[in-house]
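K.L.:
Need coordinates for the below:
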Amino acid sequence: MQTKWSYNPILINKARGALLQKMFLASIIVALMASFLAVPGVFAAPAGDDDPIEYGDLDFEWKNKLQHLRFENLFFTQVRFLPADFEDPDDLARANELLDKYGFALKQANDVVTAHTGFDKKGDVTNEKQAYESIQKLALYLHTMRGIKMKIDEEGYKISKSK
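P.N.:
All right, here's what the predicted structure looks like:
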């Protein structure tokens, strides 16, 4: 019987350790469950149309973007890549690929202008929210075209302009 009594403290320590492990695991599970609870009032902006958005001068922005688009259209109609300017055919293919992407972004921008959602034919605002969205779309496509032009310049492709 002496042997069983000598193992008793070891069994108590094992049970205490297992209990602490279970309590620790349970507290982690409770913390994770609490972290998944939605608290929209703390993190989210108020929903609804109570606060009007300050759109600024949409007429001016629209006319400004249209002027930029005219320059981008002019650039696209004049730019050419001549095969004689490229030693490697892969470089010519890459330059033409970038020009195709530029043309696609230009087409999308022209589609936004053609639809002129939020504006009348004279360029006056008819619906502020739609006009703001149209300006944002047009700005995105202009930004894309600007990035492609920078990429063409960065890769050192020679641009030949037709007249």
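
K.L.:
Domain map for the protein?
P.N.:
2-37, 58-161 (automatic domain parsing).

K.L.:
Return the member of those having the minimum mean pLDDT.
P.N.:
Confidence, taken as mean pLDDT, is least for domain 2-37 of these (a mean of 69).

K.L.:
ok, the residue most central in space within the chain to Ala109 distance?
P.N.:
By C-alpha atoms, centre = their mean, the chain has its centre lying nearest to Leu140, at 9.8 Å. Note on Leu140: its distance to Ala109, by C-beta to C-beta, to the nearest Å, is 9 Å. Yep, even glycine has a C-beta here, placed from its N, CA and C like the rest.

K.L.:
still on that earlier bit, please identify the most buried of the domains of the chain.
P.N.:
Among the domains of the chain, the stretch with the highest mean neighbour count (mean count of other C-beta atoms under 10 Å) is domain 58-161, at a mean of 15.

K.L.:
Quick one: end-to-end distance for that domain.
P.N.:
Domain 58-161 stretches 34 Å from its first residue to its last (C-alpha to C-alpha, to the nearest Å).

K.L.:
for the protein, what spans make up the strands?
P.N.:
With DSSP state E as the criterion, the chain has strands at 79-80, 160-161.

K.L.:
List the contacts of the first one.
P.N.:
For strand 79-80, the surrounding residues in contact (C-beta atoms under 8 Å, 6 or more residues apart in numbering) are 99, 159-162.

K.L.:
Ala115 reaches Lys137, doesn't it?
P.N.:
No - checked against C-beta atoms under 8 Å, the pair Ala115 and Lys137 is beyond contact range at 9.4 Å.

K.L.:
Backbone dihedrals for Phe81, please?
P.N.:
The phi and psi values for Phe81, taken as degrees, to the nearest 10, are phi -110, psi 120.
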